[in-house]
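Whatever this is, show me its structure:
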Amino acid sequence: MAGLSIDGARKSFGDTEVLKGVSIDVAEGEFAVIVGPSGCGKSTLLRAVAGLEALGAGRIVIGSRDVTDLQPSDRGIAMVFQSYALYPHLTVYENMAFGLRIAKTGKAEIAEAVRRAAEILNIEALLDRKPAALSGGQRQRVAIGRAIVRQPQIFLFDEPLSNLDADLRVRMRYEFASLHRTLGTTTLYVTHDQVEAMTLADRIIVLRDGQVEQIGSPRDLYERPATLFVAQFLGTPRMNILSATATVNGRATLANGREIALPPLAGALEPGTPVSIGIRPEDIAIGAASGALPFTIAFIERLGGLATVHLQGAGGGEPIACQLRDDGSLREGDTVPAFLPADRLHLFDADGRALARRPAE
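Alright, predicted model coming up:
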């Protein structure tokens, strides 16, 4: 087990720069997740760590070793791919043992390593089967087992759950978390699914257009997004964003002319300053309260005990989504008061950077 340091990683394909000076440190034993939209460079970065892509600039250090120019087999890593990459003509046992056989490991040592990995993954009964006789989840376990037997310093996972159905993804997320608790191996995991990132990560690295947008724990990024992009990328339903203009006395006017109170900020906003106001759907309160504004219910998504209520403000303006317990009393077309608590608002400047709040006294 070892830590990982990526320093100033750059990579271009032709005239397109895919990685633009990415620097990341992953602590020993940490489960770090790289998340971002398609094309942001996350898989390219993972492949560079694995040695499958050569960097144009920068370096990669695993433990105390600079591995930037080493072959993949010399880096002490094991990678699990989206496609599983199992040999169809080999049994589960032979697939898991393949890398050790190439490394000329003794038969007894191979058998013990495969047995231990199969026990951890609960696939002992599958060792004589071939991949065609396995379900998607079982194939993924075999691919993970093949990585485990190598006892790597670092696990690399490239969107390993994207080919599974929704129910199996949920169960496999639990198994990934359980596996990490059992092995404690440093893990770098790439996904475009923010739910996977939020549920699995010790820390999340948000990439955007080949650059690091923000790094932090799932709670930090959810509650204190540094940019408008992070605020909307993490969270389901996504954060509501309202265009507004600062007025006086710590207030702002929305696009439809209505006024709301803002949270105390570290620096005063000049009247007339454009801002973007964000609020999570679960932070909006429906019901009579001082400062509540009237909204019309445009649409309700009912999800069993929860409902996402889409509200349209009087006089137009951007609709907002509110998430709450569903008691069946709300109806589309109803007019309801909704309160946007000042202490739950997130403010962003014209460049999409979060405005700092005044420290609590």
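
and the helix or strand of the chain with the lowest mean pLDDT, what does it pack onto?
Across the helices and strands of the chain, mean confidence by mean pLDDT, DSSP states H and E is lowest for helix 166-183: a mean of 86. Under the contact criterion of 3 or more CB pairs under 8 Å, 6 or more residues apart in numbering; DSSP states H and E, the helices and strands touching helix 166-183 comprise helix 107-121, helix 136-148, helix 194-200. Every residue, glycine included, has its C-beta placed from N, CA and C.

strands paired with the next helix or strand after the last one, and their directions?
Scanning forward in sequence from helix 194-200 by DSSP states H and E, the next helix or strand is strand 203-208. According to DSSP bridges, the neighbouring strands of strand 203-208, each with its direction, are strand 31-35 (parallel), strand 211-216 (antiparallel).

And V190, how close does it get to I277?
For V190, the distance to I277 equals 32 Å [CB to CB, to the nearest Å].

So between those two, which is more surrounded?
In this comparison of V190 against I277, neighbours counted by other CB atoms under 10 Å, the higher total goes to V190 at 26 against 19.

picking up where we left off before, present the helices and strands packed on helix 166-183 as CSV; the columns should include mean neighbour count and mean pLDDT.
Converted to CSV, those look like this (neighbours: other CB atoms under 10 Å; pLDDT from 0 to 100):
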stretch, mean neighbour count, mean pLDDT
helix 107-121, 16, 91
helix 136-148, 23, 88
helix 194-200, 20, 91
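
For these, give me JSON lines that also has distance to G235.
Formatted as JSON lines, these follow (distance: least, CB to CB, whole Å):
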{"stretch": "helix 107-121", "distance to G235": "32"}
{"stretch": "helix 136-148", "distance to G235": "27"}
{"stretch": "helix 194-200", "distance to G235": "7"}
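
so which of those helices gets nearest L311?
The closest approach between L311 and any of the helices and strands packed on helix 166-183, judged by CB to CB, belongs to helix 194-200 at 23.6 Å.

what bits of the stretch 151-300 of the chain have low per-residue confidence?
When the per-residue scores of the stretch 151-300 of the chain are filtered using pLDDT under 70, no range remains.

can you give me the helices for it?
Ranges of helices in the stretch 151-300 of the chain, per DSSP state H, counting those that start in this stretch, are 166-183, 194-200, 218-223, 228-233.

Pull the distance from the second one to the chain's centre.
Which is helix 194-200. Centroid displacement of helix 194-200 relative to its chain, using CA atoms, centre = their mean, to the nearest Å, is 5 Å.

Going forward, the N-terminal residue is numbered 38.
All set: I'll call the first residue 38, so the last point we hit is now helix 231-237.

CA-only coordinates of it in CSV, if you can.
What follows is helix 231-237 as a C-alpha-only set of coordinates in CSV (Å, rounded to 0.1, in the frame of the first residue of the first chain):
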residue,chain,number,x,y,z
GLN,A,231,-22.0,11.7,-8.9
VAL,A,232,-24.1,9.2,-6.8
GLU,A,233,-21.2,6.8,-6.9
ALA,A,234,-18.8,9.5,-6.0
MET,A,235,-20.8,10.8,-3.0
THR,A,236,-21.4,7.3,-1.6
LEU,A,237,-17.9,5.8,-2.0
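
Output the contacting helices and strands for it.
Right, helix 231-237 is packed against strand 68-72, helix 203-220, strand 223-228, helix 255-260 by 3+ CB pairs under 8 Å, 6+ apart.

Including distance to S101, could the ones you listed go into a markdown table?
Compiled in a markdown table, those are given as follows (distance: least, CB to CB, whole Å):
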| stretch | distance to S101 |
| --- | --- |
| strand 68-72 | 19 |
| helix 203-220 | 21 |
| strand 223-228 | 14 |
| helix 255-260 | 29 |
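
still on that earlier bit, indicate which one of the helices of the stretch 188-337 of the chain is closest to R381.
Set against R381 and scored by CB to CB, the helices of the stretch 188-337 of the chain come closest in helix 255-260, at 9.9 Å.

closest one to I71 among the helices and strands packed on helix 203-220?
Where the helices and strands packed on helix 203-220 are weighed against each other on CB to CB, the nearest is helix 231-237, at 8.3 Å.

For F270, give its distance to G389.
In this structure, F270 and G389 are separated by 12 Å, where distance is defined by CB to CB.

Can you pick out the residue with more neighbours from those two?
Applying other CB under 10 Å to F270 and G389 shows that F270 carries more neighbours, namely 22 against 15.

The more buried one and P74 touch, don't they?
Yes - taking CB atoms under 8 Å as the definition, F270 is a contact partner of P74 at 7.5 Å.

May I see the helices of the stretch 188-337 of the chain organised as TSV, with distance to L123 added?
Below are these laid out as TSV (distance: least, CB to CB, whole Å):
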stretch	distance to L123
helix 203-220	16
helix 231-237	22
helix 255-260	31
helix 265-270	32
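
To G304, which of these lies closest?
Shortest separation from G304 across those is recorded for helix 265-270, at 18.1 Å, computed as CB to CB.
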